[in-house]
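Visitor: got a predicted structure here, sequence first:
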Amino acid sequence: MKVALQLDNVFKQYKAGKQAVNGVSFRVAEGSCFGLLGPNGAGKSTIMKLIAGIIPLDQGEITLLERPIAQMRGRLGQSVGYVPQEITLYESLNAWQNLHFFGKMYGLRGKHLQERIALVLEQVGLSERARDKVGSYSGGMKRRINIAAALLHEPKLVVLDEPTVGIDPQSRNHIFELIRGMQKAGITVLYSTHYMEEVELLCDELAILDHGRVIAAGELREVLGQHMGSAVYVEVDNWQGPEQLFANAKVRAEGNGWLIEGSSALQIMHELTGALLQSGHQVRALELQQPTLESVFIKLTGAALRD
Ligand SMILES: Nc1ncnc2c1ncn2[C@@H]1O[C@H](COP(=O)(O)OP(=O)(O)OP(=O)(O)O)[C@@H](O)[C@H]1O
């Protein structure tokens with residue numbers, strides 16, 4: 001695996017604030033989509049700003065394409081396309097004019113800039129609205145132009161900070177398609193979100209963050225497998241519960257029933273059906289439950305991801 005981005009023991013504290021990033025390390029393979037998943041305040045935006053060189057780190061090292069970013073200075077901006085959470089566009093200008101402005105900031109000029117603007121507008125599906133004022137756009141369309149602006153200079157790494165918050169489904173789909181297109185083109189994508197379904201859909205690998213620390217990281221299957229076994233959910237009328245039946249599994253009350261987690265869900269189901277058939281209890285629900293990022297997060301932090 002060729003590493004595009006590497007963070008080694010990175011720390012960041014805002015003035016008089018708490019430790020926003022607290023010893024974070026992870027590696028992102030070239031051409032992959034890496035998800036940063038965590039609740040509000042976990043440190044996702046801060047990590048992204050550190051990578052884009054917008055704020056300096058306190059300790060540790062960030063390496064982009066085998067070069068420490070501390071040594072890259074102006075060249076960092078050439079390699080990274082950073083899309084902040086906030087929309088940063090001129091509402092009174094049209095999309096083309098906005099992109100022209102950003103393109104010039106990246107040092108693009110003349111015919112090449114015009115070609116790049118046309119291409120990124122096509123990539124975000126807004127060529128036909130290019131001459132309309134951005135002020136007349138929906139939130140999702142503005143977000144797509146913000147992403148287009150970060151692609152103008154053909155960066156090797158694109159950093160997207162919660163790009164789907166508060167946008168319409170059509171824009172969301174466009175953004176997903178765009179990311180898939182970037183991956184095909186060998187561009188590395190760092191994607192932050194607090195929607196676990198987005199990570200499951202888009203990302204090859206992920207890091208779960210909480211209070212500025214990585215609490216789990218790796219490929220999706222790996223993370224799910226490492227932290228959760230599969231489980232069986234059961235609802236039974238007038239039953240004292242499955243605790244006595246499963247000495248070696250974890251049992252907890254959930255909803256109107258119980259969740260039994262162990263190394264073999266099939267074995268749990270087998271034993272459960274045997275016992276319930278014998279006792280003649282009325283079974284309301286009996287199902288296999290695959291581990292999800294949500295369940296991993298609850299297990300690791302004791303809180304739901306969207307709290
Ligand atoms: N400019 C700042 N000054 C002081 N503290 C800050 C600043 N920006 C962020 N923080 C604090 O740093 C911590 C991490 O915030 P950060 O914005 O990186 O988290 P996040 O995971 O991106 O959250 P969100 O999803 O809300 O954007 C939080 O405790 C936040 O309050």
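Guide: Cool, got the structure. Numbering: from 1, shown residues only.

Visitor: mind showing which ranges of the stretch 201-307 of the chain have poor pLDDT?
Guide: 228, 304-307 (pLDDT under 70).

Visitor: now do the helices in it.
Guide: 220-227, 265-279, 293-301 (DSSP state H, counting those that start in this stretch).

Visitor: for the ligand, find the nearest of these.
Guide: Closest approach to the ligand among the helices of the stretch 201-307 of the chain is made by helix 293-301 (13.3 Å; C-beta to the nearest ligand atom). All C-beta spots, glycine's among them, are computed from the backbone N, C-alpha and C.

Visitor: check which helices and strands the closest one sits against.
Guide: Applying 3 or more C-beta pairs under 8 Å, 6 or more residues apart in numbering; DSSP states H and E, we find helix 293-301 packed against helix 196-202, strand 205-210, strand 213-219, helix 220-227.

Visitor: return the most buried member of the ones you listed.
Guide: Of those, the one with the most neighbours on average (mean count of other C-beta atoms under 10 Å) is strand 205-210, at a mean of 24.

Visitor: returning to what we had before: return the most buried member of the helices of the stretch 201-307 of the chain.
Guide: helix 293-301 (a mean of 18).

Visitor: is that helix up against the ligand anywhere?
Guide: No - for helix 293-301, no contact with the ligand is found by C-beta under 6 Å from any ligand atom; the gap never falls below 13.3 Å.

Visitor: compare the helices and strands packed on helix 293-301 and give me the one nearest Asp168.
Guide: helix 196-202 (15.2 Å; C-beta to C-beta).

Visitor: thinking again about what came up before, compare the helices and strands packed on helix 293-301 and give me the one nearest the ligand.
Guide: Going by C-beta to the nearest ligand atom, the one of the helices and strands packed on helix 293-301 nearest the ligand is strand 205-210, 6.6 Å.

Visitor: that closest one pairs with which strands?
Guide: Using DSSP bridges, the strands paired with strand 205-210 are strand 33-37 (parallel), strand 213-219 (antiparallel).

Visitor: closest to Phe102 out of those strands?
Guide: So among the strands paired with strand 205-210, strand 33-37 is nearest, using C-beta to C-beta, at 23.2 Å.

Visitor: could you point out which element follows that closest one?
Guide: Remark: after strand 33-37, the chain's next helix or strand is helix 44-51, criterion DSSP states H and E.

Visitor: tell me how far that next one lies from the chain's centre.
Guide: For helix 44-51, the separation from the chain centroid amounts to 13 Å (computed by C-alpha atoms, centre = their mean, to the nearest Å).

Visitor: pLDDT of it, averaged?
Guide: Throughout helix 44-51, pLDDT has a mean value of 96.

Visitor: give me the contacts around that helix.
Guide: Applying C-beta atoms under 8 Å, 6 or more residues apart in numbering, the external contacts of helix 44-51 come out as 5, 7, 10, 12, 14, 20-21, 24, 36, 38, 55-57, 62, 64, 69, 80, 82, 85, 157, 159, 161-162, 190, 192, 209, 212.

Visitor: keep those, but drop any that are not near the ligand.
Guide: Answer for the contacts of helix 44-51 near the ligand (C-beta under 6 Å from any ligand atom): 14, 20, 38.

Visitor: which of those residues count as buried?
Guide: Buried subset of those (neighbour count, 16 or more other C-beta atoms under 10 Å): 20, 38.

Visitor: any idea how far Asn94 lies from the ligand?
Guide: Going from Asn94 to the ligand by C-beta to the nearest ligand atom, to the nearest Å gives 29 Å.

Visitor: help me confirm that that residue comes into contact with Gly135.
Guide: No - in this structure, Asn94 is not within contact of Gly135 by C-beta atoms under 8 Å, at 9.4 Å.

Visitor: more neighbours: the two, which one.
Guide: Asn94 (19 against 12; other C-beta atoms under 10 Å).

Visitor: wait, what's in contact with that one?
Guide: 130-134.

Visitor: Cys33 too?
Guide: 179, 182-183, 188-189, 191, 202-204.

Visitor: perfect, that will be all.
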